[in-house]
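Student: I need the structure of the sequence given here:
(chains A and B)
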Amino acid sequence: MRSTVGAVPSSRAASPPPPAPPRRRRSYRLGRWDLSYSPYLYIAPFFVLFGIFGLFPVLYTAYVSLFDYELLSGTKEFAGLENYRELMADAQFWNAAYNTVGIFILSTVPQLVVALIIANLLNRQMRARTLLRMGILIPNITSVAAVGIIFALIFADRYGLINWLLGTVGVDPIAWRDNRYASWFAVAFMVDWRWTGYNALIYLGAMQAIPKDLYESAALDGASAWRQFWAITVPLIRPTILFTVIISTIGGFQIFTEPLMYGFGLVRGGADHQFQTLAMYIYERTFTGNAEYGYGSAMSWLLFMMIIIFALINFALVRRSVKGEQK
Amino acid sequence: MTTAQTLPRSVAPPPPAPRRRRRTPGVQLWQASPLTYLALIIGCVLSIFPIIWSFIIASRDNSAVYEMPPSPGDQLFTNIDRMLANEDASFVYGLVNSAVVSSVVTISVIFFSSLAGFAFAKLRFRGSNALLLLIILTMMVPTQLGVIPLYLMMVDLGWTGTLQAVIVPFLVQGFGVFMMRQYAMAAISDELIEAARLDGCSTWRIYWNVVLPALRPAAAVLGLLTFMQTWNEFLWPFIVLTPDTPTVQYSLKILSSGPYQTDYVALFAGTALATLPLLAVFIIFGRQIIGGIMEGAVKS
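Tutor: Numbering: from 1, shown residues only, chains lettered A, B, ... in the order given. Sure, this is the predicted structure:
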């Protein structure tokens, strides 16, 4: 296929211009069309496919959320804001929101801070560079489902690895599932484990673009390595930090698989829903039991709003605490 | 659709050609101290240990799952056999399905991304800047929140329980378009395009014969990232597929719950088998994957 395609243009170029005028005219027109309109054809597939399968469903969620729409009872009627009213009084929804925010904070803050430190360590002349970077990144290639299964056993209550380690130093075993905050920690730990190295490499990439002479002149002025890190490195990679914060917020609030697998594949997230996240609760109401599409959509839409609000808050927080170099 | 969760992360916008800068020896700053090595090695051990430990569990007998300290057993193949014999989990079928789905999605993403990336980088058309911005913004859409209408759509199409349900919604990626555009800007000169035009090449032919070959390095990285991400996808396949047509992650879910929950060693044999293909890819192409992620950071 490739060779035939390749042969066409050269033969065309070599042959004299077509004698018949109508033909030439057609190819001329085709050429103009090709120049000014074909670019739209090339980008169209993205917009069409993303529009249908990405954007439309998200927006349509808002519409579905206005309906009393259940599969099992067969109802589908307009209900206005009734689902939202019901949500406000739904204790399990607020519980899930509480868990989601808690796990989000526990998983994002350490993750990005440690990633920054690792990136700074990697940002120097060293042996076995690629090997160390690969070692740091390896958790990211394991699947979330596998991570959940593996850590469910590492954090097992009675015979888990962590409790065994704690036992060797004389600490009492921790109830990693029954205790709400312990379960948050375990779930957040999985996220941290899987994503820290990845973010470290993103930061490292940004750090390596910083011109070296900035550090040289700072060193001449007697700035310590620590001071250089805070005064030069961090401000200069601020756009990247903001980017990772936003992306982590969007991803972190939708956390589903880790707590699901941690709870042995059950969406209830522990006996008292102590680690059930919003995504899990949405799943529980929408794809099990009565299949309440309207109610689930209302929750999805509220989660969407929460993501936007928290993304903005986090953006402002980080922008304020990390001073940029340009004023 | 976990795209929103995984994709943009794997995805910081890549830069044109900071490679040159990076390669100059002057960029390297300090010599790493022994303490630096020590800290990094500890980090690596913490990263790798859970994976090795899961392989160790997979090689043990069920009665020895909790035995400490972790040392390998000799039951690996027995466990794999028993896991594969589990008809409810249809693990082999799941592996095949995942391979098919990941391959098709990868090829499609590379094709559409390079096509659109080329258009944005090298062709002039009205509104191109605004449209590019729109594509960057799509990376911020939490598409996972649209699963309910998307699921209803699949029901209407009659696609639930079929592989196209987990393929078609993922055929394009905003990140891929942006990455290809950045690479094309740096790697392909305008003169080359002009020369091809003077030779009478149509735009399509320029794409196919000139641009696509030049984009190969970036396409490879995009392909690797897309393949791994699709392979690891969980939520959407879990919603729209059925246990009769699982992906490998779905098979793991079946193995980890219900009556099989207690057969830990078989379950861990499953996670090991599900992880090994990606581990192989990572060991072979680790350098490129790391390069792709790092370059993604520079110009965001």
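
Student: so how far is A:Tyr198 from the most centrally placed residue in chain A?
Tutor: Using Cα atoms, centre = their mean, the residue of chain A that lies closest to the mean C-alpha position is A:Gly251, 3.2 Å off. Look at A:Gly251 and A:Tyr198: by Cβ to Cβ, to the nearest Å, they are 11 Å apart. Backbone N, C-alpha and C define where each C-beta goes, glycine included.

Student: Please apply the same query to B:Asp81.
Tutor: 35 Å.

Student: In terms of neighbours, single out the busier of these two.
Tutor: A:Tyr198 (21 against 12; other Cβ atoms under 10 Å in any protein chain shown).

Student: So that one is in contact with B:Gly292, correct?
Tutor: No: assessed by Cβ atoms under 8 Å, A:Tyr198 is found out of contact with B:Gly292, at 11.4 Å.

Student: Do you have the strands of chain A handy? List them.
Tutor: Ranges of strands within chain A are A:67-69, A:76-78, based on DSSP state E.

Student: How about the last one and chain B, touching?
Tutor: No: for strand A:76-78, no contact with chain B is found by Cβ under 8 Å from any Cβ of the partner chain; the gap never falls below 10.7 Å.

Student: Quick one: residues in contact with that strand.
Tutor: Under the contact criterion Cβ atoms under 8 Å, 6 or more residues apart in numbering or on different chains, strand A:76-78 has outside partners A:66-70.

Student: how about the strand or helix carrying B:Pro149: buried residues?
Tutor: Per DSSP states H and E: B:Pro149 is located in helix B:147-157. Residues B:147-154 are the ones in helix B:147-157 that count as buried (16 or more other Cβ atoms under 10 Å in any protein chain shown).

Student: Looking at those residues, spot the one nearest B:Ser54.
Tutor: Proximity of the buried residues of helix B:147-157 to B:Ser54 (Cβ to Cβ) peaks at B:Val147, which lies at 29.1 Å.

Student: and the gap between the closest one and B:Ser256?
Tutor: 21 Å.

Student: filter the buried residues of helix B:147-157 by proximity to chain A?
Tutor: Among the buried residues of helix B:147-157, chain A is touched by B:147-153 when using Cβ under 8 Å from any Cβ.

Student: Could I get the residues you listed in CSV, plus columns for pLDDT?
Tutor: Compiled in CSV, those are given as follows (pLDDT from 0 to 100):
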residue, pLDDT
B:Val147, 93
B:Ile148, 93
B:Pro149, 93
B:Leu150, 94
B:Tyr151, 94
B:Leu152, 93
B:Met153, 93
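
Student: Out of those residues, which is nearest to B:Ser33?
Tutor: B:Val147 (48.9 Å).

Student: list the buried ones in the host helix or strand of B:Val105?
Tutor: In this structure, B:Val105 is located in helix B:91-122 according to DSSP H and E. For helix B:91-122, a neighbour-count test (16+ other Cβ under 10 Å) marks B:91, B:93-95, B:97-98, B:101-102, B:104-106, B:108-122 as buried.

Student: Surely A:Thr233 and A:Ile210 touch.
Tutor: Yes: shown here, A:Thr233 and A:Ile210 form a contact pair, counting by Cβ under 8 Å, at 6.6 Å.

Student: okay, these two: which has more neighbours?
Tutor: Under the criterion of other Cβ under 10 Å, the comparison of A:Thr233 against A:Ile210 puts A:Thr233 first, with 22 against 19.

Student: roughly how far apart are that one and B:Val155?
Tutor: On the measure of Cβ to Cβ, A:Thr233 and B:Val155 end up 51 Å apart.

Student: Could you spell out which stretches of chain A belong to which domain?
Tutor: A:17-64, A:82-321 (automatic domain parsing).

Student: tell me how far the longest one is from the chain's mean position?
Tutor: Using Cα atoms, centre = their mean, to the nearest Å, the mean C-alpha position of domain A:82-321 is found 9 Å from that of the whole chain.

Student: picking up where we left off before, which of the contacts of strand A:76-78 ranks first by neighbour count?
Tutor: That'd be A:Tyr69 among the contacts of strand A:76-78, by other Cβ under 10 Å, with 24 neighbours.

Student: mind checking how far A:Pro45 is from A:Leu116?
Tutor: In terms of Cβ to Cβ, A:Pro45 sits 38 Å off from A:Leu116.

Student: again with A:Val48
Tutor: 40 Å.

Student: Which one of those two is surrounded by more residues?
Tutor: A:Leu116 (22 against 11).

Student: what about the helices in the stretch 151-300 of chain A?
Tutor: A:161-168, A:180-207, A:212-220, A:225-228, A:234-236, A:238-252, A:257-262, A:278-287, A:293-321 (DSSP state H, counting those that start in this stretch).

Student: Relative to B:Ile188, tell me which of the ones you listed wins on proximity.
Tutor: Going by Cβ to Cβ, the one of the helices of the stretch 151-300 of chain A nearest B:Ile188 is helix A:180-207, 22.3 Å.

Student: relative to helix A:180-207, how tilted is the longest helix along chain A?
Tutor: Ranked by residue count, the top helix of chain A under DSSP state H comes out as helix A:91-122. In terms of direction (axes from the mean of the first three to the mean of the last three Cα atoms, to 10 degrees), helix A:91-122 departs from helix A:180-207 by 40 degrees.

Student: Check whether helix A:91-122 comes near chain B.
Tutor: Yes: counting by Cβ under 8 Å from any Cβ, chain B has neighbours in helix A:91-122: A:118, A:121-122.

Student: quick one: which of those is nearest chain B?
Tutor: For these, the residue nearest chain B by Cβ to the nearest Cβ is A:Leu121; the value is 5.1 Å.

Student: what's the burial count for the residue nearest to that closest one when sequence neighbours are not counted?
Tutor: Nearest residue to A:Leu121 in three dimensions, chain neighbours excluded: B:Thr36, at 5.1 Å (Cβ to Cβ, 6 or more residues apart in numbering or on different chains). B:Thr36 has 18 neighbours, counted by other Cβ under 10 Å.

Student: Which strand or helix spans B:Thr36?
Tutor: Per DSSP H and E: helix B:34-58 holds B:Thr36.

Student: immediately after that helix, which helix or strand?
Tutor: Helix B:34-58 is succeeded, C-terminally, by helix B:76-85 (DSSP H and E).

Student: Which residue ranges of the stretch 151-300 of chain B form helices?
Tutor: So, for the stretch 151-300 of chain B - with DSSP H, counting those that start in this stretch - the helices run B:164-167, B:174-187, B:190-198, B:203-205, B:212-214, B:216-232, B:235-240, B:248-256, B:264-298.

Student: out of those helices, deepest packed?
Tutor: Mean neighbour counts were taken over the helices of the stretch 151-300 of chain B using mean count of other Cβ atoms under 10 Å in any protein chain shown, and the top value, a mean of 26, falls to helix B:248-256.

Student: worst-scoring helix or strand of the chain, pLDDT-wise?
Tutor: Unless you meant another one, I'm taking chain A. helix A:2-14 (a mean of 38; mean pLDDT, DSSP states H and E).

Student: For stretch B:251-264, measure first residue to last.
Tutor: Start-to-end span of stretch B:251-264 (Cα to Cα, to the nearest Å) is 14 Å.

Student: For the chain, which residues score under the pLDDT cut-off?
Tutor: No chain specified, so I'll use chain A. A:1-30, A:323-327 (pLDDT under 70).

Student: Chain B is the one I meant
Tutor: Checking chain B against pLDDT under 70 turns up B:1-30, B:258-261, B:296-300.

Student: at 50 instead, please
Tutor: B:1-28, B:297-300 (pLDDT under 50).

Student: Which residue comes closest to the residue in the stretch 51-200 of chain B that chain A sits nearest to once chain neighbours are left out?
Tutor: Relative to chain A, the nearest point of the stretch 51-200 of chain B is B:Gly146 (2.9 Å; Cβ to the nearest Cβ). Nearest residue to B:Gly146, sequence neighbours excluded (Cβ to Cβ, 6+ apart): A:Pro57, at 2.9 Å.

Student: Alright, calling it a day.
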